[in-house]
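**Q** everything below, folded, please.
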Amino acid sequence: MSSAEKRKIRVVAGLLIGEDGRVLITQRRPQAFMPLKWEFPGGKVEAGETDQQALARELSEELDIEVRVGKHFMGLVHAYPDFNIDFQVYQCKIISGTIRKLAVHNYKWVTVAELDNFEFPPADQPTVYRLLG
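**A** Take a look at the predicted model:
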């Protein structure tokens with residue numbers, strides 16, 4: 001199957017950086033695709049949604065927080081064997097709520113330097129590299 005024929009999934013992720021400079025990462029559930037890997041929180045964009053609407057919805061569903069979606073941080077297309085991910089990362093700020101694990105296995109606030117200690121899916125890796133500078 002050529003990459004042009006593969007299904008393309010648009011995924012949005014939030015780059016949430018706390019007052020102390022730490023970054024929020026979440027851990028995929030054990031039964032998820034790429035189980036227990038760490039990632040930037042977010043999810044799939046549904047038909048008819050903007051990236052911003054999808055990201056706000058996903059963070060509400062997964063973490064019970066309301067965010068303001070800010071500037072686009074970076075985007076890329078990553079080819080997995082069976083599909084392509086159109087992966088877009090946006091800076092976000094929590095405007096209300098306290099993080100609860102509604103649809104994630106775990107979450108952590110980590111320093112940028114600590115990102116290197118976690119296993120991320122391939123599509124998230126370029127964001128890690130950019131943050132690490």
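**Q** any idea how far residue 67 is from residue 77?
**A** Here the criterion is C-beta to C-beta, to the nearest Å. By it, residue 67 lies 24 Å from residue 77. Where you see a C-beta, it was placed from the backbone N, CA and C, and this is true even at glycine.
**Q** ok, these two, which is more surrounded?
**A** residue 67 (23 against 13; other C-beta atoms under 10 Å).
**Q** skip the chain neighbours and tell me the closest residue to that one.
**A** residue 92 (4.3 Å; C-beta to C-beta, 6 or more residues apart in numbering).
**Q** so the one you found sits against residue 59, correct?
**A** Yes. The pair residue 92 / residue 59 is scored as a contact, 7.1 Å apart, by C-beta atoms under 8 Å.
**Q** anything in contact with each of those two?
**A** 14, 67 (C-beta atoms under 8 Å, 6 or more residues apart in numbering).
**Q** what residues sit buried inside the helix of greatest length in the chain?
**A** Determined from DSSP state H, the single longest helix within the chain is helix 51-63. Under the neighbour-count criterion of 16 or more other C-beta atoms under 10 Å, helix 51-63 has 51, 52, 54, 55, 56, 57, 58, 59, 62, 63 buried.
**Q** just the CA atoms of the helix or strand just after it, as CSV, please.
**A** The helix or strand immediately downstream of helix 51-63 is strand 66-79, counting by DSSP states H and E. C-alpha atoms of strand 66-79 as CSV (Å, rounded to 0.1, in the frame of the first residue of the first chain):
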residue,chain,number,x,y,z
GLU,A,66,-10.6,23.6,30.3
VAL,A,67,-7.8,25.1,28.1
ARG,A,68,-7.3,28.1,25.9
VAL,A,69,-5.6,26.9,22.8
GLY,A,70,-2.9,29.3,21.7
LYS,A,71,-0.2,29.4,19.0
HIS,A,72,0.6,26.6,16.7
PHE,A,73,4.0,25.1,17.9
MET,A,74,4.7,22.7,15.1
GLY,A,75,3.2,20.1,12.8
LEU,A,76,4.4,17.0,10.9
VAL,A,77,3.1,14.0,9.0
HIS,A,78,4.4,10.7,10.4
ALA,A,79,3.9,7.5,8.5
